[in-house]
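Trainee: here is a sequence together with a model predicted from it:
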Amino acid sequence: MVDYSGTPEFEELEPRARTTAVSSGVTYGRETAVHRALTQRKSDYTDLQTCRVLCVTWNVNGQTPTEDLDTLLSVDDKSADVICVGFQELDLSPETLILKDSSQEMKWMEKMRAGLPKSVTYTQLKHIRLVGILLVVYVRESLVSRVSDVSVGYVSTGIMGMLGNKGGVSIKMNIDMTTIAFVNSHLAAHQEMVDRRNQDYRDIFCRMRFDNDETNTLKSCDTVIWIGDLNYRLSNDELTADEIRDFALRWEIEPLLKFDQLREQRQKHLVFEQFVEEPIRFMPTYKYDPGTDTFDTSEKCRMPAWCDRILWKSNTLVKCEDYRSHPIHKLSDHKPVSAVLLLQTRVVDVPRKQVVLDEILKDLDRQANDSLPQAALNRTELMFDGVKYMEAQEQPITLQNTGTDLFEFEFIPKLEDSSVCAPWLKIEPQRGIVDPQNVMIINITVHIDNKALQTIKPDRKLDEILVLHLVNGKDYFISVSGYLVQTSFGQKITDLVRMSDPVRKQNILLDIEQTPEDIVIDEKLPQVLNIPKELWRIVGYLYQNGLEEEELFSVGGSPMDIGSVRDALDTDSEIRVSSIHSVCEALVLFLDSFPEPVIPYEFYAECLEQCTHFANSKRTLRHIEFSHRNVFKYVCGFLRELLRHSDRNKANAKCLSQVFGDVLLKPRMPESGNGSKTTSKKRSLFVYQFLTNEYDE
């Protein structure tokens with residue numbers, strides 16, 4: 001069984017082109033078989049060469065570079081063929097978060113160029129930055145001719161996947177026949193946010209797309225090298241922070257590493273499966289008083305940890321020559337970490353490849369016959385009971401090859417449809433190859449996010465037909481059905497303010513056959529509520545428990561916690577979470593889920609025009625339906641209260657306006673390109689006025 005989803009072999013023909021080729025008499029299955037056979041026999045026509053790669057990761061804490069990087073970018077007495085450098089928190093200014101531009105980027109780029117080894121000439125191959133996450137790859141000049149197909153990708157994992165203060169960037173390239181991807185990531189902070197860090201890793205690994213190509217993923221790479229501030233801490237209730245410092249200062253590392261969260265999560269197969277890390281033989285890299293080698297002496301007295309790591313996975317041999325920290329660098333509260341890896345790349349011998357290709361073609365000619373692919377599915381009906389908002393459900397189906405020849409399969413759109421499946425469905429893999437008498441497990445996942453929520457039918461029933469096509473064979477039809485559990489997320493503001501009870505406690509709403517048109521709003525209410533009670537509950541919880549917490553609305557929450565908040569709002573039960581950041585993200589998700597935004601679509605353009613005129617903006621709001629206006633006032637009032645405690649929580653009006661500008665004001669149609677950046681800035685400016693000025697009209 002081989003899954004060729006996203007491999008270079010599939011990039012030569014797009015899915016629709018492959019279908020056309022088959023229908024016009026060209027056997028694409030033969031072309032696939034040739035590529036596959038060449039891959040299986042690559043050892044017959046390639047030779048292995050060693051490539052020395054130096055990887056460096058450093059969280060620079062927003063500092064301006066004042067230290068030379070010569071020792072950091074050298075490999076003792078040997079020169080690297082490839083140098084990969086990743087920074088986190090390159091720039092912590094609010095302007096970077098909002099405008100996406102960084103004054104620090106050029107300074108660090110210049111410092112790196114000056115620090116490159118002088119004995120070798122290097123070419124900067126590519127660089128990519130996501131807010132404060134910067135990745136740069138340099139290649140020895142003599143190696144450049146062997147490098148091809150360079151591409152980049154990024155994934156934001158900040159709150160709601162919007163903010164780039166957390167996430168990952170990647171540079172992918174081919175050296176000879178070997179595909180290598182470098183990933184630099186900054187995962188969720190805080191001791192208790194282990195589940196969120198795990199989720200951040202999965203999001204980056206699964207969602208990373210290079211040059212916006214859905215088939216060009218990390219899974220298709222021969223080697224993935226992952227560096228960054230992964231933020232895993234020490235989970236320990238036995239030792240105090242002082243005792244941990246004492247262990248570290250005595251270089252008693254192994255007793256501490258048994259509490260390392262990353263090691264624990266990998267042993268449970270929850271994160272970085274199939275990745276390898278060299279044994280750690282250096283001091284914790286976090287947290288230090290900047291400018292010193294002294295562990296944190298601030299009021300918070302952070303516990304030492306190995307936050308900064310380098311791991312890799314590869315289908316070829318990788319040897320780690322060196323894995324160390326660099327305590328000589330004292331600029332940041334983190335110490336940089338480096339690793340020297342020896343990779344094997346495959347170099348093609350063209351004459352030998354031609355001989356192998358001729359043999360493959362002759363063999364395929366001998367095997368050619370008119371038989372159709374023979375397959376069996378273990379089931380063609382999937383039922384998903386009780387699907388909840390933002391809570392994925394997954395079911396597998398088994399595709400078996402019952403014939404004597406391999407076959408290729410893919411999911412294709414139904415007639416007159418442009419997409420393979422509904423927005424609330426995910427299929428993994430969408431195409432592949434199955435060997436004779438072998439099976440392919442295909443996972444079908446239902447996940448209702450805010451985008452998918454708007455496509456759900458009023459009766460909340462989920463119905464979809466998937467078409468699984470065998471190349472040169474028949475089609476199989478798979479029925480997917482289920483229903484969405486009623487939730488306050490995705491309801492209209494004007495409906496929520498007229499509901500006296502939580503949505504799951506209203507008898508009329510418990511009948512799945514009812515539609516919103518059938519719902520009788522509680523006529524016993526003396527008047528409608530000023531704001532949805534769900535909004536009042538979330539904000540009230542944050543007011544009581546979070547006014548002095550740092551990084552509110554910049555750190556993502558735990559998916560499990562967010563589900564708990566959803567259920568609490570929908571059933572009128574107590575909100576119980578492990579992290580206040582989960583409630584913050586639930587608030588943003590709630591505001592983002594309204595079918596009609598808080599600032600209705602018809603006022604969107606006018607609000608952007610008045611984004612720098614507070615008096616005019618207030619006049620515009622007077623014309624907005626009162627419940628929408630009340631929600632806007634209530635949210636902005638809470639954020640102003642948060643800012644009044646900024647001496648403790650470090651809240652920043654510009655950062656908050658970036659987050660809430662994109663959920664309180666939304667265009668009717670998606671925007672793209674430079675226009676999207678301009679309007680995003682205007683949305684932030686509009687909200688910023690109401691965070692820095694009192695508003696109670």
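Mentor: Structure's in. What do you need? Residues are numbered from 1 along each chain as shown.

Trainee: drop to CA atoms for contacts and neighbour counts, all remaining ones
Mentor: Fine.

Trainee: neighbours of the nearest residue to L665 once chain neighbours are set aside, how many?
Mentor: Nearest residue to L665 in three dimensions, chain neighbours excluded: I599, at 5.4 Å (CA to CA, 6 or more residues apart in numbering). By the criterion of other CA atoms under 10 Å, I599 has 21 neighbours.

Trainee: return the list of strands paired to whatever helix or strand C51 lives in, each annotated with direction.
Mentor: Here C51, judged by DSSP states H and E, is contained in strand 46-59. Its sheet considered, strand 46-59 pairs with strand 82-88 (parallel), strand 337-348 (antiparallel) by DSSP bridges.

Trainee: which of the ones you listed has the lowest mean pLDDT?
Mentor: Mean pLDDT is lowest for strand 337-348 out of those, coming in at a mean of 94.

Trainee: extract the CA atoms of it and return them as CSV.
Mentor: Only the C-alpha atoms of strand 337-348 are listed here, as CSV (Å, rounded to 0.1, in the frame of the first residue of the first chain):
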residue,chain,number,x,y,z
VAL,A,337,20.4,25.8,20.1
SER,A,338,22.2,24.3,17.1
ALA,A,339,22.5,20.8,15.5
VAL,A,340,24.8,19.5,12.8
LEU,A,341,23.1,16.8,10.8
LEU,A,342,24.6,14.6,8.1
LEU,A,343,21.9,13.8,5.5
GLN,A,344,22.0,11.5,2.6
THR,A,345,20.9,12.8,-0.8
ARG,A,346,20.4,10.7,-3.9
VAL,A,347,22.2,11.8,-7.1
VAL,A,348,20.9,10.4,-10.4
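
Trainee: which residues touch whichever helix or strand comes after it?
Mentor: Scanning forward in sequence from strand 337-348 by DSSP H and E, the next helix or strand is helix 350-367. Contacts to helix 350-367, defined as CA atoms under 8 Å, 6 or more residues apart in numbering, come from residues 30, 34, 37-38, 41, 44-46.

Trainee: still on that earlier bit, need the strands paired with strand 46-59 in a markdown table (columns: mean neighbour count and distance to F594).
Mentor: As requested, the strands paired with strand 46-59 are exported to a markdown table (neighbours: other CA atoms under 10 Å; distance: least, CA to CA, whole Å):
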| stretch | mean neighbour count | distance to F594 |
| --- | --- | --- |
| strand 82-88 | 26 | 34 |
| strand 337-348 | 21 | 45 |
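
Trainee: out of those, flag the one nearest S298.
Mentor: For S298, the closest of the strands paired with strand 46-59 is strand 82-88, at 21.6 Å, according to CA to CA.

Trainee: need the residues that contact the closest one.
Mentor: Residues outside strand 82-88 that contact it (CA under 8 Å, 6+ apart) are 51-61, 73, 132-140, 182, 184-186, 227-229.

Trainee: now, the contacts of helix 350-367 that are in strands?
Mentor: If you go by DSSP state E, these have T46 in strands.

Trainee: surely the residue nearest to L665 and D662 touch.
Mentor: No: here I599 does not reach D662: they are 10.8 Å apart, not a contact under CA atoms under 8 Å.

Trainee: how about K677, phi and psi?
Mentor: phi -60, psi -40 (degrees, to the nearest 10).

Trainee: swap that for Y389, sorry
Mentor: Phi and psi for Y389, reported as degrees, to the nearest 10, are phi -50, psi 130.

Trainee: OK, contacts around it?
Mentor: Taking CA under 8 Å, 6+ apart, we find Y389 in contact with 447-449, 453, 484-485, 487, 489, 563.

Trainee: just the pLDDT for it.
Mentor: So, for Y389, pLDDT stands at 94.

Trainee: the inter-axis angle of the strand holding C51 versus helix 350-367?
Mentor: Going by axes from the mean of the first three to the mean of the last three CA atoms, to 10 degrees, strand 46-59 is angled at 110 degrees with respect to helix 350-367.

Trainee: tally of neighbours for G557?
Mentor: So G557, with other CA under 10 Å, has 28 neighbours.

Trainee: should've said S119
Mentor: With other CA under 10 Å as criterion, S119 counts 8.

Trainee: what about S481, helix or strand, and which?
Mentor: Per DSSP H and E: S481 is located in strand 475-484.

Trainee: and that strand, which residues are buried?
Mentor: By neighbour count on 16 or more other CA atoms under 10 Å, the buried set for strand 475-484 is 475-476, 478, 480-484.

Trainee: TSV for those residues, including pLDDT and distance to L249?
Mentor: Shown next, in TSV, are the buried residues of strand 475-484 (pLDDT from 0 to 100; distance: CA to CA, whole Å):
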residue	pLDDT	distance to L249
D475	94	65
Y476	95	64
I478	96	61
V480	97	58
S481	95	59
G482	95	57
Y483	92	57
L484	94	54
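
Trainee: and which of those residues is nearest K330?
Mentor: Among the buried residues of strand 475-484, L484 lies closest to K330 (CA to CA), at 53.0 Å.

Trainee: quick one: that closest one and P458 touch, right?
Mentor: No: L484 lies out of contact with P458 (CA under 8 Å); the separation is 10.3 Å.

Trainee: would a markdown table of the contacts of helix 350-367 with neighbour count, distance to V539 and pLDDT be doable?
Mentor: Output for the contacts of helix 350-367, formatted as a markdown table (neighbours: other CA atoms under 10 Å; distance: CA to CA, whole Å; pLDDT from 0 to 100):
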| residue | neighbour count | distance to V539 | pLDDT |
| --- | --- | --- | --- |
| R30 | 15 | 60 | 73 |
| V34 | 17 | 60 | 85 |
| A37 | 16 | 60 | 86 |
| L38 | 17 | 60 | 88 |
| R41 | 15 | 61 | 89 |
| D44 | 15 | 65 | 93 |
| Y45 | 19 | 65 | 92 |
| T46 | 18 | 62 | 91 |
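
Trainee: now tabulate the contacts of helix 350-367 in JSON lines and tack on distance to E408.
Mentor: As requested, the contacts of helix 350-367 are exported to JSON lines (distance: CA to CA, whole Å):
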{"residue": "R30", "distance to E408": "10"}
{"residue": "V34", "distance to E408": "13"}
{"residue": "A37", "distance to E408": "14"}
{"residue": "L38", "distance to E408": "17"}
{"residue": "R41", "distance to E408": "20"}
{"residue": "D44", "distance to E408": "25"}
{"residue": "Y45", "distance to E408": "26"}
{"residue": "T46", "distance to E408": "27"}
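
Trainee: taking the contacts of helix 350-367 together, which two end up most distant?
Mentor: So, the contacts of helix 350-367 by CA to CA: farthest apart are R30 and T46, at 22.7 Å.

Trainee: what ranges do the helices span in the stretch 501-650 of the chain?
Mentor: 533-545, 559-571, 580-592, 604-609, 614-621, 626-644, 646-649 (DSSP state H, counting those that start in this stretch).
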